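**Student:** Dropping a prediction and its sequence here:
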Amino acid sequence: MLKQKIVTLGSCVLLFLTMNVAEAGVTLVRFGPEGGEKPGIIDAQGQLRDLSSHVSEITPETLSQASLDDIEAIPAGDLPLVTGNPRLGVPLTGIGKIVAIGFNYINHAAEMEVQLPEEPLTFMKATSALTGPFDEVIQPRNGRKLDYEAELVVVIGRRAQYISEDEVFDYIAGYTVGHDVSERAFQRERGGQFTKGKSADTFAPVGPYFVSGDQIDDIQNLSIWSEVNGEMRQQGNTADMVFGVKEIVSHLSQFMTLHPGDIIFTGTPAGVGDGMDPPQYLKPGDVVRVGIEGIGEQRQTIAAPR
């Protein structure tokens, strides 16, 4: 079972994950300036260690079980301790595609006044939307209905095609936190395009941690939440998904090949700004936090269009 530890890293209060020494798994990060990130690992005391002497980058190849086992075998205490306030980036590079699932929490579908889907409602987010978990979210030009969505993100570790639900966990490398930032006007008023409303630059903050799958006892029983300017907005649990992780991954593999490093946003619970009466959309200067029990949390400030 994962434990959690709150650590102050410079000006950021982060949720670090700690494990008993006997427990398996790795928690990986990428730290440093954008474009110059280095691989890191969180040790048993919740400290950030520099992994770059052993691993040059956290790539799709790093996500194989053999590679993760090799990293786990490295004595973390022998690695250099990272001090100061480094920026944390997306916890892996080389992401081939971002697949997302809509209306996948019962209460979210209800607040949006839509029928529960009969099978996973699937759309894509552009990989150019990826950004670090504490980077700014930039409101797009002509955007006027900016919204937040806390989401569990599945990270694929093996090539998956036509797999059964019983096989799914053999193909998942781990999990991370995602913020499915959405511009509702683009999504609904510009041709009914989910992808168009979900793909602006900075609309996919991911991280801060890649948490290997063997650290999570029950992926379908984790609290998930968001807050805006200190006000709690979303409070849900992955148990409330319409389609669970096994169903989603198996289903997607019938329609597309999933490759190592592909990530899947699995839906958001009720409490989004668009579902409030009246709607409450994000504006420049707002601060959004999203988090998932045992996996981590992130925080962004909304920036004006550029």
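**Tutor:** Alright, I've got the coordinates.
**Student:** what residue ranges in the stretch 1-150 of the chain are flagged as low confidence?
**Tutor:** Along the stretch 1-150 of the chain, the parts satisfying pLDDT under 70 run over 1-23.
**Student:** at 80 instead, please
**Tutor:** Residue ranges of the stretch 1-150 of the chain with pLDDT under 80: 1-23, 109, 112-113.
**Student:** just the helices in it please.
**Tutor:** Assigned by DSSP state H, counting those that start in this stretch, the stretch 1-150 of the chain shows helices spanning 65-72, 106-111.
**Student:** deepest of those, which one?
**Tutor:** Among these, helix 106-111 has the highest mean neighbour count (mean count of other Cβ atoms under 10 Å), at a mean of 17. The C-beta positions use only the backbone N, C-alpha and C, and glycine is treated the same way.
**Student:** what does it rub up against?
**Tutor:** 103, 115-117, 236, 240, 242, 267-272, 275 (Cβ atoms under 8 Å, 6 or more residues apart in numbering).
**Student:** quick one on the thing from earlier: will you turn the helices of the stretch 1-150 of the chain into a markdown table that also has distance to V288?
**Tutor:** Listed next are the helices of the stretch 1-150 of the chain as a markdown table, based on distance: least, Cβ to Cβ, whole Å:
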| stretch | distance to V288 |
| --- | --- |
| helix 65-72 | 31 |
| helix 106-111 | 17 |
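**Student:** nearest to P39, of those?
**Tutor:** P39 lies closest to helix 65-72 among the helices of the stretch 1-150 of the chain, at 9.0 Å (Cβ to Cβ).
**Student:** what's in contact with the closest one?
**Tutor:** Residues from elsewhere that reach helix 65-72 (Cβ under 8 Å, 6+ apart): 24-26, 28, 41, 51, 54-55, 61-62, 157, 173, 212.
**Student:** For those residues, which ChimeraX command selects only the ones that are buried?
**Tutor:** Command for ChimeraX that selects the buried part of the contacts of helix 65-72, burial taken from 16 or more other Cβ atoms under 10 Å:
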select :25,26,28,41,51,55,62,157,173,212
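**Student:** Now for the contacts of helix 65-72: which two are most distant?
**Tutor:** Pairwise distances across the contacts of helix 65-72 peak at 20.4 Å for A24 and E61 (criterion: Cβ to Cβ).
**Student:** tally of neighbours for Q220?
**Tutor:** Counted by other Cβ atoms under 10 Å, the residues lying close to Q220 total 14.
**Student:** How much space separates it from T238?
**Tutor:** Between Q220 and T238 the distance is 5 Å, computed by Cβ to Cβ, to the nearest Å.
**Student:** Now do the shared contacts for these two.
**Tutor:** 244-245.
**Student:** ok, L88 - contacts?
**Tutor:** By Cβ under 8 Å, 6+ apart, the contact set of L88 is 14, 29-31, 132-134, 207-208.
**Student:** Which strand residues bridge it?
**Tutor:** Beta bridges link L88 to F31, judged by DSSP bridges.
**Student:** can you map out the strands along the stretch 201-306 of the chain?
**Tutor:** Along the stretch 201-306 of the chain, the segments classed as strands by DSSP state E, counting those that start in this stretch run 204-205, 210-212, 223-228, 231-237, 263-265, 287-292, 296-303.
**Student:** May I see the ones you listed organised as CSV, with mean pLDDT and distance to D180 added?
**Tutor:** Listed next are these as CSV, based on pLDDT from 0 to 100; distance: least, Cβ to Cβ, whole Å:
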stretch, mean pLDDT, distance to D180
strand 204-205, 98, 7
strand 210-212, 98, 18
strand 223-228, 98, 11
strand 231-237, 97, 12
strand 263-265, 99, 5
strand 287-292, 98, 9
strand 296-303, 98, 12
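**Student:** Can you check which of those strands gets nearest to K246?
**Tutor:** So among the strands of the stretch 201-306 of the chain, strand 263-265 is nearest, using Cβ to Cβ, at 12.0 Å.
**Student:** and that closest one, which strands flank it?
**Tutor:** By DSSP bridges, strand 263-265 pairs with strand 98-102 (parallel), strand 150-156 (antiparallel).
**Student:** Would you format those as a markdown table with distance to L81 included?
**Tutor:** A markdown table is the format used below for these (distance: least, Cβ to Cβ, whole Å):
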| stretch | distance to L81 |
| --- | --- |
| strand 98-102 | 33 |
| strand 150-156 | 26 |
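**Student:** Save those as a markdown table, and put in mean neighbour count too.
**Tutor:** Output for those, formatted as a markdown table (neighbours: other Cβ atoms under 10 Å):
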| stretch | mean neighbour count |
| --- | --- |
| strand 98-102 | 24 |
| strand 150-156 | 26 |
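**Student:** Next, the buried residues of stretch 204-217.
**Tutor:** 204-213, 215-216.
**Student:** Could you pull up phi and psi at the closest residue to G244 other than its chain neighbours?
**Tutor:** Nearest non-adjacent residue to G244, counting by Cβ to Cβ, 6 or more residues apart in numbering: Q220, 5.2 Å away. Main-chain torsions, Q220, degrees, to the nearest 10: phi -100, psi 30.
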